[in-house]
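# build me a structure from this.
(2 chains)
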Amino acid sequence: MDREVGSRASKTLITALITLIAAIFLFPLYWMMVLATQSNSNIYNFPPPLWFGVALYQNWQRLIHGLNLGLAMWNSFYVATFATILVLLVSSFAGYGFSRFTDAPGNKVIYRFMIGTLMIPGTVGLIPWFMLMKWFGWLNTYWPLIIPGAANAFGIFWMTQFIRESVPQELYDSARIDGASDWRIYYQIVLPLIRPGLSALGVLNFLGAWNNFQIPLIILNDKTKFTMPLALTELNSLYSTDTAAVMLGTAVSVLPIIVAFLFGTRYFISGLTSGAVKA
Amino acid sequence: MFYVSVAPFIILFGIFGAYPVLYSFYLGFTQWDGLDAPIFVGIRNYVNLFKDPTFLQSIYNTVYIWIGSTVLTLALAFTLAFMVQMYVSTARGFFRVVFLFPLLVAPALTAIILSVLFSTNAGLVNAGLTWLTHHRVAYDWFSSLYAIKPMIILLVVWRWTGWHFILFLSGLQTIPTDLYESARVDGASGKQIFFKITLPMLTPVMLVSAVTATIGGIQIFDEPYVLTGGSGGNMQTGDTMGLYLYQTAFQQFHFGDAAAMSYVIFAMIVVFSILNSRLLRKRT
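Here you go, the predicted model:
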């Protein structure tokens, strides 16, 4: 792509402008961390603090007094991990089916139907879905946060594309001649080959589950079962004057994801962009 | 083997996806408290909905927030992508990821951060206004009738600009170089190149972005819920359709009305998607 546009001066100027916008985008997150280290009396004073303070330990004490932080983190981690594993299994397995058995009657029809389900907004079935959970006796359990999401049309779409591109049809033929069953081909040949695709989808799903709010809100009432977003919004409404502790809790919830993002930027970006460019 | 491989999806989708969506359509024609059997009432729920001022208000709020946030997000994302692609030659890797950070934060938590930024006594916004005007500003943004929707828009723009930016950037990178070169050889100006090549080539990506933003925007729930403490805000000025549906179902237990509402949401998304795919087809 030709990037010989504009003079040097305009390049510098625009780069500076974008840097400024980037700084504005990052500022709320920076400020959240600043407040997490400041005492409330500093926060409520004028001018407000813009640099880190020394009250981190006291804020931490009040935070873990106000909510069981470790438990909420564990709950989020537990739910997000199992939900992600299940999505990866179901999606890669179906993706294997769609991309390998292209001659099976119904393959194209089912695939198109599955893509069509992507257009159905989640809210439409919310009420009967909730009643179904009640009927299963799943209210106030983690099953509703783990099982239903496993039917992930986007994940299957993503896996089908990925397997089509990374596993050549000849590989199936030669494995077949060597006497490998369809199952063995799936877990011994396909799964290892699509690891990057699994990582990208996994990261994306983990993030979605970690940040989910509405479904835990209607399903969980027992405070010991709350996931991070629920526990923090509750803390925010009960201790709204303790800004420092609320900001510390928010920072603690965001930090693991930011660290994971910095280590796996590639997977995040390929996961995030996978859907739209092909459509 | 093919059928075995797609069976888990079909079974799970049938139980947790198709059945609730279809049953919701039926429930929309009933009155139901969630305990006794639903009573069939015909189209009464739909008639009542469009006489319910709060519901009409929630449609207005939702459309306001959806259009405002979609236009601003896409415009900002496009401007940034264009500028990065055309003018930035240093630290491109940094700019590629920096706008994605807000996307990592749960929407509910972005709302908490915003509520602190705009808080009456500890908020940076009021502090900034105090500094600018030399008067102590302690404006209560959350009981203002005009501030809540722009604040929700701000949250959506902050969260989603990076995602659309990445899509637009990779879209811009797929435009072949020779297209630009031959245009320049033919004596096209920068403006002409932008309007005749860059913009048309990127239109499909933008339409996809618009659909994604719409499906998310019309259902918006987390941000208004947290910002208004689940109430919909002063005079329901922050009540979106997603939030009002939640209130109707899970606070008032009018499941029939809420189901009818969910189909109004569905209809709005379907209409928009059809318009959008018409636009897309006209172009190709």
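# count of neighbours near the residue in the stretch 101-250 of chain A positioned nearest to chain B?
Nearest residue of the stretch 101-250 of chain A to chain B: residue A:125, at 3.0 Å (CB to the nearest CB). All C-beta atoms are positioned from the backbone trio N, CA, C, and that covers glycine. Residue A:125 has 26 neighbours, counted by other CB atoms under 10 Å in any protein chain shown.
# any weak-confidence spans in the chain?
Unless you meant another one, I'm taking chain A. A:1-6, A:274-279 (pLDDT under 70).
# switch to chain B, please.
Scanning chain B for pLDDT under 70 picks out the ranges B:283-284.
# top helix in it by residue count?
Counting residues, the longest helix found in chain B (DSSP state H) is helix B:53-87.
# give me the contact status of that helix with chain A.
Yes. Using CB under 8 Å from any CB of the partner chain, a contact is recorded between helix B:53-87 and chain A, made by B:80, B:83-87.
# what's the first helix or strand after that helix?
Sequence order places helix B:92-98 as the next helix or strand after helix B:53-87, per DSSP states H and E.
# neighbouring contacts of that next one?
A:18, A:22, A:25-26, A:261, A:265, A:269, B:84, B:88, B:162, B:166, B:169 (CB atoms under 8 Å, 6 or more residues apart in numbering or on different chains).
# make a PyMOL selection of whichever of these turn out to be buried.
The buried residues among these can be selected in PyMOL (16 or more other CB atoms under 10 Å in any protein chain shown) with this line:
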select buried, (chain A and resi 18+22+25+261+269) or (chain B and resi 84+88+162+166+169)
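# out of the contacts of helix B:92-98, which sit inside helices?
Filtering the contacts of helix B:92-98 for helices - DSSP H - leaves A:18, A:22, A:25-26, A:261, A:265, A:269, B:84, B:162, B:166, B:169.
# which of those sits closest to residue A:94?
Nearest to residue A:94, judged by CB to CB, of the ones in helices among the contacts of helix B:92-98 is residue A:269 at 24.4 Å.
# just checking, the closest one touches residue B:166?
Yes. Under the criterion of CB atoms under 8 Å, residue A:269 makes contact with residue B:166 at 6.4 Å.
# can you pull the residues that touch both of these two?
B:96, B:100.
# ok so, going back, contacts only, for the residue of the stretch 101-250 of chain A closest to chain B.
By CB under 8 Å, 6+ apart, the contact list for residue A:125 reads B:17, B:19-21, B:23-24, B:262.
# how does it look with 6 Å?
Taking CB atoms under 6 Å, 6 or more residues apart in numbering or on different chains as the criterion, residue A:125 is in contact with B:20-21, B:24.
# among the residues you listed, which are in reach of chain A?
B:20-21, B:24 (CB under 6 Å from any CB of the partner chain).
# quickly check the contacts of helix B:92-98 for the two that are furthest apart.
Spatial extent of these (CB to CB) is set by the pair A:261 and B:88 at 21.4 Å.
# circling back: now the phi/psi pair for the residue of the stretch 101-250 of chain A closest to chain B, please.
Dihedral pair for residue A:125: phi -100, psi 10, per degrees, to the nearest 10.
# okay, now the closest residue to residue A:44 other than its chain neighbours: neighbour count?
In space, and not counting its chain neighbours, residue A:44 is closest to residue B:122: 5.1 Å by CB to CB, 6 or more residues apart in numbering or on different chains. As a burial measure, residue B:122 scores 21 neighbours (other CB under 10 Å).
# residue A:40 contacts residue A:247, correct?
No. Judged on CB atoms under 6 Å, residue A:40 makes no contact with residue A:247 at a distance of 10.3 Å.
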